[in-house]
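**Q** Here is my input, please return the structure:
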Amino acid sequence: MTSKERVKRAIHFQHPDAVPHFLRDGREDDIIWLWPKLQPQQPWTEVKHDPDPNLCVWETINVWGTKFRRFGPDGNGEAVELPLENLENWKTYVQPSLPTAENYDTQAIKNHPDKYLLGVMGTAGSLFEGAHQIRGLADWLTDFYENPDFVREVLDMLVERTLRVIDLLADMGVDGVMGYDDWGIQDRPLMGMELWNEFYRPRYQKIWDYAHSKGLDVWMHSCGYTLPILKAWAEIGLNVAQLDQQQNMGLDLLDKELGGKLAFWCPVDIQNMMIRGSKEDIVEYVRQLIHHLGRFGGGLVSMTYSSPDVIAHDPEKVRAACDAFRTFGVYQ
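**A** Model prediction:
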């Protein structure tokens with residue numbers, strides 16, 4: 001069975017020969033994760049020098065026109081100036097350019113026809129984060145009550161951008177497309193489901209129906225407690241939820257509510273188990289991940305977190321997780 005077949009069977013509950021892997025531990029993986037290389041409008045520039053490099057102030061303007069500021073030469077920083085902070089700016093707002101094939105590693109696509117090719121949609125695919133990146137989170141959440149027509153216009157703009165990127169990735173020959181929207185805090189979603197169903201549900205469904213019409217699977221990342229939204233996503237056609245946290249919802253609850261209905265792409269929980277657990281705890285957690293999410297003739301794809309050093313993951317624990325996924329990665 002090729003990697004492509006293994007992943008497709010896993011996320012469609014069609015009894016693959018093993019759990020597919022994306023572990024980056026030096027051994028063979030099943031997925032080629034295609035991120036667009038998008039340059040900011042302006043490179044990071046030091047705007048205030050300090051003898052202590054961690055106190056130097058750096059700024060950039062991203063592709064959306066949002067200014068970010070950080071202390072020190074590394075990190076993502078935080079938004080400090082937003083292009084739609086003033087609603088009047090919406091009338092003249094210029095959308096950023098969409099990714100093109102040149103932004104992706106097309107050589108990797110040619111070199112790995114047997115791998116599952118997963119294309120990240122870049123400046124598209126994020127109906128929530130894309131909006132508050134240019135408006136600001138607090139103002140955006142307020143707009144649903146005070147400026148609902150503006151909300152609809154922004155969301156429809158984001159939907160159309162996403163459809164065009166789906167066209168691009170389909171033409172490039174990918175197998176699935178991936179978006180990013182962090183919808184949760186620790187114990188609940190950031191929005192009530194009544195509002196979510198009115199504004200977001202039909203737009204996600206439009207995007208995913210279109211992707212499916214192109215023969216593509218749909219993957220979405222979301223952090224936090226998102227169970228109500230995950231259930232809605234499963235109903236309207238999401239194939240795979242990429243969850244870095246699971247313990248805040250619980251594997252047993254994800255199993256009960258979504259097992260066999262939605263596939264998951266998961267590392268060991270990055271916030272709790274990878275920090276507080278022993279290597280033995282992590283091995284057992286991997287076994288539980290496979291049992292709860294992968295006992296439906298599929299349902300689980302393994303991974304390790306993309307930047308373990310940034311969140312203080314012990315390399316020995318990361319190795320233990322990788323070894324456990326490869327040792328126990330057989331569906332029941």
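**Q** okay, CA-based contacts and neighbour counts for the rest of this
**A** Will do.
**Q** what's the single longest helix in this structure?
**A** Secondary structure of the chain read by DSSP state H shows that its longest helix is helix 148-172.
**Q** What helices and strands are in contact with that one?
**A** helix 129-135, helix 137-146, helix 201-213 (3 or more CA pairs under 8 Å, 6 or more residues apart in numbering; DSSP states H and E).
**Q** and Ser126, backbone torsions?
**A** phi -120, psi 90 (degrees, to the nearest 10).
**Q** related to what we said a few turns ago, any idea which of the helices and strands packed on helix 148-172 is most buried?
**A** Among the helices and strands packed on helix 148-172, ranked by average contacts under mean count of other CA atoms under 10 Å, first place goes to helix 129-135 (a mean of 20).
**Q** on that earlier part again, between the helices and strands packed on helix 148-172, which one is nearest to Gly259?
**A** Nearest of the helices and strands packed on helix 148-172 to Gly259, taken as CA to CA: helix 201-213 at 20.3 Å.
**Q** which residues touch the helix or strand just after the longest helix of the chain?
**A** Later in the chain than helix 148-172, the nearest helix or strand by DSSP states H and E is strand 176-180. For strand 176-180, the external contacting residues (CA atoms under 8 Å, 6 or more residues apart in numbering) are 116-122, 124-126, 129, 166, 169, 211, 216-222.
**Q** ok, now stretch 198-206?
**A** 127, 152, 155-156, 159, 232-233, 236-237.
**Q** which one of those sits closest to Leu55?
**A** Leu127 (34.0 Å).
**Q** Can you get me a residue count around Glu257?
**A** 15 (other CA atoms under 10 Å).
**Q** same check, this time on Ile275
**A** 15.
**Q** how close does it get to Asn147?
**A** Ile275 sits 42 Å away from Asn147, going by CA to CA, to the nearest Å.
**Q** Show me where the stretch 201-332 of the chain dips below the pLDDT cut-off.
**A** Residue ranges of the stretch 201-332 of the chain with pLDDT under 70: 332.
**Q** Just the strands from it, written as ranges.
**A** 217-221, 240-242, 263-266, 300-303 (DSSP state E, counting those that start in this stretch).
**Q** As TSV, the contacts of stretch 198-206 with neighbour count would be great.
**A** Converted to TSV, the contacts of stretch 198-206 look like this (neighbours: other CA atoms under 10 Å):
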residue	neighbour count
Leu127	21
Arg152	15
Leu155	20
Asp156	14
Val159	19
Ala232	16
Trp233	20
Ile236	15
Gly237	20
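**Q** what are the ranges of the helices in the stretch 201-332 of the chain?
**A** Listed in chain order, the helices of the stretch 201-332 of the chain (DSSP state H, counting those that start in this stretch) span residues 201-213, 227-235, 251-258, 273-276, 279-293, 315-328.
**Q** could you dump these to a markdown table with distance to Arg6?
**A** As requested, the helices of the stretch 201-332 of the chain are exported to a markdown table (distance: least, CA to CA, whole Å):
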| stretch | distance to Arg6 |
| --- | --- |
| helix 201-213 | 19 |
| helix 227-235 | 21 |
| helix 251-258 | 21 |
| helix 273-276 | 27 |
| helix 279-293 | 15 |
| helix 315-328 | 14 |
